[in-house]
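> model this:
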Amino acid sequence: MAMQVNGAGSAGGRRRGGRRHSKPLSEINVTPFVDVMLVLLIIFMVAAPLLTVGVPIDLPESQAKPLEGDKEPITISVTSAGEVFIQDTEIAPEEVVAKLEAIAANGYDERIFVRGDQDADYGTIMRVMGRINAAGYKRLGLVTLEEQN
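Numbering: from 1, shown residues only. Here you go, the predicted model:
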């Protein structure tokens, strides 16, 4: 009498049903992941400059050193046409103080940057700053570009 060892019989070592089972693939294909990351990197590199304050202003140049701060300040912009914006929202110059009081999280210690177009009327910029200062806000700054030699 002959003995069959480890299924080596008439079926030729195959399991019932005649199919072979392969091992699962344990490698991860990272090529699609890298492709998606590169596309996202390019999108963010193009979009990052567009995320700055949206009011188009031609800032004057200065040799002043930049101010250091830990929190993003409130930005007030004055265009060459005399329009006044808080962040991206246009407001009347008379409403500047009321809007600041509504959005200033730190009260009168809130940092406020005034961006004035170099072609804007100096008097308009000073009226806006005067109203802010008269309301009690003391941390005012003018935004300029670094002067090119």
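
> burial of Tyr122, as a residue count?
A count of nearby residues for Tyr122, using other Cβ atoms under 10 Å, gives 9. Glycine gets a C-beta too; all of them are placed from N, C-alpha and C.

> Distance of the spatially closest residue to Gly136 that is not a sequence neighbour relative to Val96?
Excluding the flanking residues, the one nearest Gly136 by Cβ to Cβ, 6 or more residues apart in numbering is Tyr108, at 4.5 Å. According to Cβ to Cβ, to the nearest Å, Tyr108 and Val96 sit 14 Å apart.

> The two: who's more crowded?
For Tyr108 versus Val96, neighbours defined as other Cβ under 10 Å are more numerous around Val96 (22 against 12).

> average model confidence for the longest helix seen in the chain?
As assigned by DSSP state H, the longest helix anywhere in the chain is helix 31-47. For helix 31-47, mean pLDDT rounds to 91.

> Then stretch 135-149?
Averaging pLDDT along stretch 135-149 gives 80.

> Please spell out which residues along it are buried.
137, 139-141, 143-144 (16 or more other Cβ atoms under 10 Å).

> So which of those are in strands?
The members of the buried residues of stretch 135-149 that map onto strands under DSSP state E are 140-141, 143.

> Return the member of those nearest to Ser26.
Nearest to Ser26 out of these is Val143 (Cβ to Cβ; 56.0 Å).

> Please give me every residue in contact with the closest one.
By Cβ atoms under 8 Å, 6 or more residues apart in numbering, the residues touching Val143 are 59, 75, 113-115.
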